[in-house]
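S.K.: Here is my input; please provide its structure:
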Amino acid sequence: MTTRIPHLAALLITLTAALCWAPVAHGQVTAGGGTGGLGATAHVWKELGPAPITSANYAGRISAVVTSHSDPGRLYVAGADGGVWRSDDGGVAWTALFTDTPTTSLGALALDPTDHDVIYAGTGEANYANHSRYGLGLLKSTDGGAHWRLHGSDVFAGRCFSRLVVSPDDPQTLFAAITRAGGFPELAAAKEHPGATGPLGVFRSTDGGRSWTDLAGGLPNLSATDLAIDPTDGQRLLAAIGRVQGDPDNGLWRSIDGGDSWTRVTTGLPAPSLMGRISVAIAPSDPSRVYALIARPADSTGGGASTLGAYRSDDGGNSWTSLPVGSVQSFGWYYSLVTIDPSNPDTVFFGGLSLRRSTNAGATFATVTPPHVDMHAGAWDVMGRLIVGDDGGVHRSTNLGNSWVPLNEGLGTVQFYAGLSVDPEAPGRMFGGTQDNGTNRREPDGSGWVQVLGGDGGWTLIDPTDSSRVFAEFQGSGNLYRSTNGGSSFSFVGNGIASSDRNAFLPPYAMFPTNSSRMLYGTHRVYRSLNGGSSWTPLSGDLTTGVGAIRALAISPADASVFWVATNDGNLQISTDGGSNWQLVQSGLPGWPRTTREIVPHPTEPLTAYLAVAAFGESQIQRTTDGGQSWVALDAGLPDLPVNVVFLRPGPPEQLFAGTDAGLLVSVNDGESWQPFGTGLPPAPVIDIRESSAGRMVVSTQGRGVWEAVPQVLKDG
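M.R.: Numbering: from 1, shown residues only. Predicted coordinates:
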């Protein structure tokens with residue numbers, strides 16, 4: 001299947017068509033950059049960054065890096081949810097290429113070795129996190145990324161690309177390693193995509209990616225976490241079959257006939273039952289030299305996946321020797337990297353949490369980690385410089401890792417979590433938590449973003465009565481902090497919250513709309529503070545099914561005794577008496593396991609609320625007017641897309657916004673029809689929606705930072 005993606009207006013229509021297994025067919029959106037029929041005002045989206053985080057020079061997670069075979073200035077990188085970016089000056093400046101594509105989630109890149117303007121982008125990130133989203137197929141450009149065609153949506157949609165390799169014998173022949181989408185529980189990041197459980201392993205195309213063959217001859221139907229090809233013989237391949245939670249068929253599989261048949265290699269390697277994710281690389285200067293990195297299997301919650309070992313083969317993969325690499329992984333399902341110096345087979349790098357280097361074929365190792373941990377991708381340019389992609393963006397070394405320089409200027413790939421807050425007194429000032437790059441504050445003059453709290457940054461909150469009071473957190477129960485000086489410094493205020501409570505990684509919390517000294521905080525139960533967060537006491541019992549945690553929490557602005565919670569094991573509950581009693585109003589509710597802003601109470605009607613459902617094949621936007629006793633679907637005109645967040649702007653006319661996995665949509669007729677709001681917003685997952693005091697819409701995305709819709713007055717005629 002081949003689909004042309006010509007412009008943003010066709011984006012969601014194309015996406016719907018690409019989901020060829022979809023059981024629910026919602027309506028199509030119309031083109032336009034206006035406000036849903038609100039008169040002579042259009043909106044243009046303005047990027048607010050970070051690009052990069054000013055105080056640390058970090059961008060967001062990079063899942064793949066490729067370099068030109070002839071030009072040291074030409075680089076391409078893939079953001080985990082940030083699309084493809086190109087540099088023509090060796091990383092000094094970057095251009096975002098994914099503006100008219102159906103997704104920004106990426107797992108693999110490859111270049112035609114004869115033409116660096118021909119680029120392949122495998123969608124869906126194969127790093128197995130809850131935010132390693134499903135893909136929609138293979139995107140190909142023949143003009144350096146200016147235009148793209150979608151191929152293989154009927155073959156790959158719902159799953160992820162871990163590697164793309166082009167045959168050295170024929171640039172029209174390429175191979176793809178395909179995995180499940182990530183998450184714990186397994187497939188959480190697939191969001192119930194109907195193609196999520198389709199075929200896995202290695203696929204081959206002989207026509208430049210237009211059509212594909214499943215190379216199932218001898219390969220198990222399991223995730224292929226890596227793939228290597230002999231640079232001198234396109235018939236020789238090594239496939240890493242590595243279901244991250246373990247499987248008896250995990251291991252390294254070899255083909256000597258271009259993938260038609262496969263055999264597992266075992267000599268010198270651990271037992272398959274001990275293996276989880278596997279990475280493998282063949283030395284460009286000596287194809288008989290091969291290296292592999294193997295993690296232990298993860299348990300059902302993502303733990304236990306430490307480094308099992310690193311291995312070297314000197315006979316093309318027939319037999320293997322263990323290497324003393326030490327521990328480079330703590331969550332080996334998430335980060336795993338092997339890259340070899342193209343001019344010296346004895347110099348190899350193994351990456352995970354850290355980066356380890358050997359210059360003597362693995363006899364000894366040194367730690368040469370870049371400024372940011374969590375290694376995902378590595379490549380070498382034609383000048384022999386090593387370029388890595390990590391959770392902090394792109395870093396380059398000219399001396400085999402002894403020193404590093406960031407290549408992040410202008411690279412807007414930061415992944416935000418739900419919980420963006422906008423200063424009611426200074427519209428340009430805002431706070432947001434990011435994936436592995438802490439909580440960041442945007443300065444009101446637009447001068448940049450400053451990291452104010454570390455870890456994975458989560459929910460943020462600005463006191464509407466005193467904007468110098470700011471709350472922020474990092475992952476785990478009770479890791480809550482408060483600032484009284486506008487975010488310049490923070491103090492711990494999680495006293496009373498049990499650190500052993502189950503949590504949705506980044507627990508949600510809320511402030512009472514009429515009394516900022518009263519707050520709620522959600523683990524698997526609700527806590528209350530009566531003193532502005534200085535101390536907390538439990539307000540409820542366990543509101544989950546016994547295994548989950550609260551991922552969304554909201555207080556009605558119309559009645560401060562009405563509370564809502566949604567849990568990541570499917571419960572939606574309401575209390576109408578200030579938390580003394582709770583009623584289960586929905587169960588089995590799908591969605592993202594981590595913290596969300598999926599519940600939006602109506603500003604003036606206490607028992608009216610809106611619900612976003614981040615899953616395919618569901619009623620993605622629902623409304624209740626009776627406290628959850630009954631629900632009405634408002635997505636009749638919406639494409640079948642996961643909706644991460646819903647936002648209501650009172651009218652007239654009343655506007656309902658949906659933050660989807662492919663941008664922001666708006667409806668002014670209770671969901672009967674939807675259209676993109678404004679022009680210029682990339683099709684990245686919108687994870688939160690806020691409105692500034694200036695009346696402008698602001699969204700945060702997972703992969704393309706924060707954006708603001710700037711109104712443009714249209715002239716008559």
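S.K.: which residue packs closest to the residue nearest in space to the middle of the chain, ignoring adjacent ones?
M.R.: Centroid check for the chain by CA atoms, centre = their mean gives His131 as the closest residue, at 4.0 Å. Spatial nearest neighbour of His131, excluding adjacent residues (CB to CB, 6 or more residues apart in numbering): Gln702 at 5.9 Å. Yep, even glycine has a C-beta here, placed from its N, CA and C like the rest.
S.K.: what bridges to the one you found?
M.R.: Gln415 (DSSP bridges).
S.K.: Can you give me every residue that contacts it?
M.R.: Shown in contact with Gln702 (CB atoms under 8 Å, 6 or more residues apart in numbering): Asp81, His131, Gln415, Phe416, Tyr417, Gln435, Ala684, Pro685, Ile687.
S.K.: out of these, which are inside helices?
M.R.: Among the contacts of Gln702, none falls in helices (DSSP state H).
S.K.: Return the item of the residues you listed having minimum pLDDT.
M.R.: When those are compared on pLDDT, His131 comes out lowest, with 93.
S.K.: Please report how far that residue lies from Glu708.
M.R.: 23 Å (CB to CB, to the nearest Å).
S.K.: which of the residues in stretch 643-660 are buried?
M.R.: Buried residues in stretch 643-660, counting neighbours by 16 or more other CB atoms under 10 Å, are found at 643-649, 655-660.
S.K.: again, but for stretch 687-704
M.R.: For stretch 687-704, the neighbour count (16+ other CB under 10 Å) marks 687-690, 692, 696-704 as buried.
S.K.: Could you do stretch 415-423 as well?
M.R.: Gln415, Phe416, Tyr417, Ala418, Gly419, Leu420, Ser421, Val422, Asp423.
S.K.: Next: stretch 86-105.
M.R.: Buried, per 16+ other CB under 10 Å, within stretch 86-105: 86-87, 90-91, 94, 96-105.
S.K.: Most widely separated two among those?
M.R.: Of all pairs drawn from the buried residues of stretch 86-105, the greatest distance, 30.3 Å, lies between Gly90 and Pro102 (CB to CB).
S.K.: in the stretch 401-550 of the chain, which spans are strands?
M.R.: 405-406, 421-422, 430-433, 439-442, 449-453, 461-462, 470-473, 480-483, 491-492, 509-512, 515-522, 526-529, 537-538, 550-555 (DSSP state E, counting those that start in this stretch).
S.K.: Please convert those strands to TSV, extending it with mean pLDDT and distance to Tyr311.
M.R.: Converted to TSV, those look like this (pLDDT from 0 to 100; distance: least, CB to CB, whole Å):
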stretch	mean pLDDT	distance to Tyr311
strand 405-406	98	31
strand 421-422	96	48
strand 430-433	98	38
strand 439-442	97	40
strand 449-453	97	38
strand 461-462	98	48
strand 470-473	98	40
strand 480-483	98	43
strand 491-492	98	44
strand 509-512	98	46
strand 515-522	97	45
strand 526-529	98	48
strand 537-538	98	50
strand 550-555	98	40
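S.K.: Which stretches in the protein count as helices?
M.R.: 11-18, 153-156.
S.K.: least reliable of the ones you listed going by mean pLDDT?
M.R.: Of all these, helix 11-18 has the smallest average pLDDT, which comes to a mean of 38.
S.K.: how far away is Asp423 from Gly695?
M.R.: In terms of CB to CB, Asp423 sits 14 Å off from Gly695.
S.K.: Kindly apply the preceding question to Asp445 instead.
M.R.: 20 Å.
S.K.: swap in Gly79?
M.R.: From Gly79 to Gly695 the distance is 30 Å (CB to CB).
S.K.: and if you look at Gly201?
M.R.: 52 Å.
S.K.: and the closest residue to Ile282 other than its chain neighbours, bridged to which residues?
M.R.: Counting by CB to CB, 6+ apart, the nearest residue to Ile282 once its immediate chain neighbours are dropped is Ala228, at 4.5 Å. For Ala228, the beta-bridge partners are Leu238 (DSSP bridges).
S.K.: these two touch, right, Ala228 and Val290?
M.R.: Yes: using CB atoms under 8 Å, Ala228 is in contact with Val290, at 7.2 Å.
S.K.: tell me the contacts of Asn250?
M.R.: Asn250 neighbours (CB under 8 Å, 6+ apart): Leu222, Ile241, Gly242, Arg243, Pro272, Ser273, Met275, Gly276, Ile278.
S.K.: ok, the second one to Ala177 distance?
M.R.: Using CB to CB, one obtains 9 Å as the distance from Ile241 to Ala177.
S.K.: Touching both of those two, which residues are there?
M.R.: What both Ile241 and Ala177 touch, as defined by CB under 8 Å, 6+ apart, is the set Gly201, Ala224, Thr225.
S.K.: Turn these into a markdown table, including neighbour count and distance to Leu572.
M.R.: Formatted as a markdown table, these follow (neighbours: other CB atoms under 10 Å; distance: CB to CB, whole Å):
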| residue | neighbour count | distance to Leu572 |
| --- | --- | --- |
| Gly201 | 23 | 38 |
| Ala224 | 28 | 38 |
| Thr225 | 27 | 36 |
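S.K.: got CSV for those, with pLDDT too?
M.R.: Converted to CSV, the shared contacts of Ile241 and Ala177 look like this (pLDDT from 0 to 100):
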residue, pLDDT
Gly201, 98
Ala224, 98
Thr225, 98
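S.K.: Buried ones among the contacts of Asn250?
M.R.: The buried subset of these (16+ other CB under 10 Å) comprises Leu222, Ile241, Gly242, Arg243, Pro272, Met275, Gly276, Ile278.
S.K.: residue contacts, the third one?
M.R.: To tie it back to what came earlier, the one meant is Gly242. Contacts for Gly242 (CB under 8 Å, 6+ apart) come out as Leu222, Ser223, Ala224, Thr225, Asp226, Asn250, Met275, Gly276, Arg277, Ile278, Ile294, Ala295.
S.K.: residues in contact with the nearest residue to the third one once chain neighbours are set aside?
M.R.: Read that as Ala224. Distance criterion CB to CB, 6+ apart; nearest residue to Ala224, sequence neighbours excluded, is Ala177 at 3.7 Å. Contacts for Ala177 (CB under 8 Å, 6+ apart) come out as 108, 126, 161-164, 201-202, 224-227, 239-240.
S.K.: count of neighbours near the residue lying closest to Gly496 once chain neighbours are set aside?
M.R.: Spatial nearest neighbour of Gly496, excluding adjacent residues (CB to CB, 6+ apart): Trp536 at 3.7 Å. Number of residues near Trp536 (other CB atoms under 10 Å) recorded here: 24.
S.K.: same deal with Gly73?
M.R.: Gly73: 15 surrounding residues under other CB under 10 Å.
S.K.: quick one: it and Val547, what's the gap?
M.R.: As judged by CB to CB, Gly73 and Val547 stand 52 Å apart.
S.K.: partner residues bridging Val666?
M.R.: Residues in beta-bridge contact with Val666 (DSSP bridges): Phe657, Gln675.
S.K.: Please look at it and Gln675 and confirm they touch.
M.R.: Yes: Val666 lies in contact with Gln675 (CB under 8 Å); the separation is 6.4 Å.
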